[in-house]
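K.L.:
just coords:
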């Protein structure tokens, strides 16, 4: 259960860009998970996707409420490099990725994180985001292409320092 | 298969989400198209980078305590259900015994009924008011 809770916390951080807000969102989601009678119980099939959906919806609500769906939110301050001295180049690449992610809109950032960070299947992503499974692939591909373009633009700006 | 047709399928191919037939078509195209092959490699590279992102370690104990504390809440439903059931059954039985008791005068029973009807009506009015406020309160989500 800890892996799911921690993963959901990361998702909330990725969407909101705020650790404190992510903790609040997680807490609310856990309360919902335990108080909502029809929710799948921890360990049951579908619990993980259901829990992530609750966290995702809470985070999106928060973003809408804060009226910064497309601007302030980001993950820049959340990602850490444990050994930046020894892996300076790697740290630079991570930093450019964080910045590029931050520049995407929330939906694109979310779908990339769900697939490439949290490793959900398309069916699970559709379930979490409340969209048709058939549209996951096209949205994900568009998001990846957008991320790629952002990274390329950054690479050009930095003289190829952060190439893909 | 042309590059325009392959589009989103490259992501599905990388994620192993295509049917065997689709995957075969994409594979054949990739073998003959440098541009799409490069896109495919870039997506794989992005995936690897995304997977390597790390986040500040969240206090393990704090997460555990939160789950433990909140797990106690799961008992709330059964606890409340038991209390409500007990009150309804015992209360109903008591009222029934009171109403059928021949030793109690009819007038007392009448005023007893009146008193409880009054409480019940008050309860419904307050409940309705609270529900209306809850439904229409635009500040519900405001965190203080």
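P.N.:
Here it is on my side, so go on. What you see is a predicted model; the values in this text were computed from it and never measured.
K.L.:
For the rest of this, base every contact and every neighbour count on C-alpha atoms.
P.N.:
Fine.
K.L.:
now the helix or strand where residue B:129 lies, how far from the centre of its chain.
P.N.:
Assigned by DSSP states H and E, residue B:129 belongs to helix B:106-136. Averaged C-alpha coordinates place helix B:106-136 at 32 Å from its chain's average position (CA atoms, centre = their mean, to the nearest Å).
K.L.:
What residues sit buried inside that helix?
P.N.:
residue B:109 (16 or more other CA atoms under 10 Å in any protein chain shown).
K.L.:
Likewise for stretch B:3-16?
P.N.:
Neighbour-count burial for stretch B:3-16 flags B:6, B:7, B:8, B:9, B:10, B:11, B:12, B:13, B:15 (criterion: 16+ other CA under 10 Å).
K.L.:
who are the neighbours in contact with the fifth one?
P.N.:
Contact analysis of residue B:10 by CA atoms under 8 Å, 6 or more residues apart in numbering or on different chains lists A:141, B:26, B:36, B:39, B:40.
K.L.:
Likewise for the fourth one?
P.N.:
Contacts were defined as CA under 8 Å, 6+ apart; by that measure residue B:9 touches A:137, B:18, B:26.
K.L.:
now swap in the first one and tell me
P.N.:
Contact criterion CA under 8 Å, 6+ apart gives residue B:26 as the residues in contact with residue B:6.
K.L.:
Following the record's annotation, map out the domains of chain B.
P.N.:
Taking automatic domain parsing as the criterion, chain B consists of the domains B:3-51, B:76-136.
K.L.:
so where's the chain uncertain?
P.N.:
Unless you meant another one, I'm taking chain A. For chain A, residues meeting the criterion pLDDT under 70 lie at A:1-2, A:37, A:67-90, A:158-164.
K.L.:
you looked at the wrong chain, it should be chain B
P.N.:
Short version for chain B, where the test is pLDDT under 70: B:1, B:56-59, B:66-75, B:138-144.
K.L.:
try 50
P.N.:
B:143-144 (pLDDT under 50).
K.L.:
ok, back up a step: let me know the closest of the contacts of residue B:10 to residue A:156.
P.N.:
Distance to residue A:156, by CA to CA, is smallest for residue B:39 among the contacts of residue B:10, at 17.9 Å.
K.L.:
how would you label the closest one: helix, strand or coil?
P.N.:
helix (DSSP: H, G, I helix; E, B strand; the rest coil).
K.L.:
Which element, helix or strand, includes the closest residue to it other than its chain neighbours?
P.N.:
Of all residues not flanking residue B:39 in the chain, residue B:10 sits nearest, at 7.9 Å (CA to CA, 6 or more residues apart in numbering or on different chains). According to DSSP H and E, residue B:10 maps onto helix B:9-14.
K.L.:
re earlier: for the contacts of residue B:10, which single residue is the most surrounded?
P.N.:
residue B:26 (24 neighbours; other CA atoms under 10 Å in any protein chain shown).
K.L.:
How about the helix or strand containing residue A:33 and chain B, touching?
P.N.:
Here residue A:33 sits within helix A:19-35, counting by DSSP H and E. Yes. Helix A:19-35 is in contact with chain B by CA under 8 Å from any CA of the partner chain, via A:27, A:30, A:31, A:34, A:35.
K.L.:
Which neighbouring elements make contact with the top helix by length along chain A?
P.N.:
In chain A, taking DSSP state H as the definition, the longest helix is helix A:133-157. Secondary-structure packing of helix A:133-157 (3 or more CA pairs under 8 Å, 6 or more residues apart in numbering or on different chains; DSSP states H and E): helix A:88-103, helix A:106-112, helix A:122-129, helix B:9-14, helix B:34-51.
K.L.:
Now the element after the shortest one, going C-ward?
P.N.:
It stands for helix B:9-14. helix B:20-32.
K.L.:
Going by neighbour count, list what's buried in stretch B:36-49.
P.N.:
Under the neighbour-count criterion of 16+ other CA under 10 Å, stretch B:36-49 has B:36, B:37, B:39, B:40, B:42, B:43, B:44, B:46, B:47, B:49 buried.
K.L.:
picking up where we left off before, what helices or strands is the helix holding residue A:33 leaning on?
P.N.:
Looks like helix A:19-35 contacts helix A:2-16, helix A:47-65, helix B:60-100 (3+ CA pairs under 8 Å, 6+ apart).
K.L.:
from the chain's centre, how far out does the shortest one sit?
P.N.:
If I follow you right, that is helix A:2-16. That offset, for helix A:2-16, works out to 8 Å (CA atoms, centre = their mean).
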